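A.B. asks: Mind looking at a prediction? Sequence and model below.
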Amino acid sequence: MSFLGFASYYRQNLKDFAVHARSLYRVFDQQTVFDMTQERIQEYEKIKHALTNAPLLMMPEWKLPFKLYINACGEGLGAALHQVQIVNDKPYDGTILFISRQIKPTEARY
């Protein structure tokens with residue numbers, strides 16, 4: 001659980017964190033028998049890789065327009081805030097922030 005707490009602290013820097021962490025959080029569900037399946041090991045490895053290879057985030061330029069990319073699926077909601085800035089005399093579409101969360105069981109029914 002401490003790994004998930006650590007990773008969750010950086011969730012705004014990790015793309016699709018909620019989707020990858022969902023099966024790992026289920027391990028600690030009281031109705032679930034502790035079972036580290038191959039799927040959970042793969043999700044753990046994805047989060048570990050994302051923590052050690054996170055993309056560089058840009059500082060926002062408040063005078064420039066922003067782009068908001070959103071995504072939803074049956075397991076989670078996510079968004080990424082981007083902005084096109086000039087880097088080395090070329091336009092660069094960089095990420096400013098990632099946000100994500102798991103869909104709650106009551107929300108999944110709709």
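C.D. replies: Everything's here; your move.
A.B. asks: and the longest helix seen in the chain, what does it pack onto?
C.D. replies: In the chain, ranked by residue count with DSSP state H as the criterion, the top helix is helix 38-52. If contacts are counted by 3 or more C-beta pairs under 8 Å, 6 or more residues apart in numbering; DSSP states H and E, helix 38-52 sits against helix 2-9, helix 17-26. Glycine gets a C-beta too; all of them are placed from N, C-alpha and C.
A.B. asks: export those to JSON lines and tack on distance to His82, mean neighbour count and mean pLDDT?
C.D. replies: Conversion of the helices and strands packed on helix 38-52 to JSON lines gives the following (distance: least, C-beta to C-beta, whole Å; neighbours: other C-beta atoms under 10 Å; pLDDT from 0 to 100):
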{"stretch": "helix 2-9", "distance to His82": "23", "mean neighbour count": "12", "mean pLDDT": "80"}
{"stretch": "helix 17-26", "distance to His82": "17", "mean neighbour count": "19", "mean pLDDT": "79"}
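A.B. asks: Can you lay out those as JSON lines showing distance to Tyr110?
C.D. replies: Converted to JSON lines, the helices and strands packed on helix 38-52 look like this (distance: least, C-beta to C-beta, whole Å):
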{"stretch": "helix 2-9", "distance to Tyr110": "25"}
{"stretch": "helix 17-26", "distance to Tyr110": "18"}
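A.B. asks: neighbouring contacts of the helix or strand just after the longest helix of the chain?
C.D. replies: Using DSSP states H and E, the helix or strand that follows helix 38-52 in sequence is strand 67-72. With contact meaning C-beta atoms under 8 Å, 6 or more residues apart in numbering, strand 67-72 is reached by 77-84, 93.
A.B. asks: tell me the angle strand 67-72 makes with helix 17-26.
C.D. replies: Angle, strand 67-72 to helix 17-26, by axes from the mean of the first three to the mean of the last three C-alpha atoms, to 10 degrees: 30 degrees.
A.B. asks: Now do strand 67-72: distance to the chain's middle.
C.D. replies: Centroid displacement of strand 67-72 relative to its chain, using C-alpha atoms, centre = their mean, to the nearest Å, is 12 Å.
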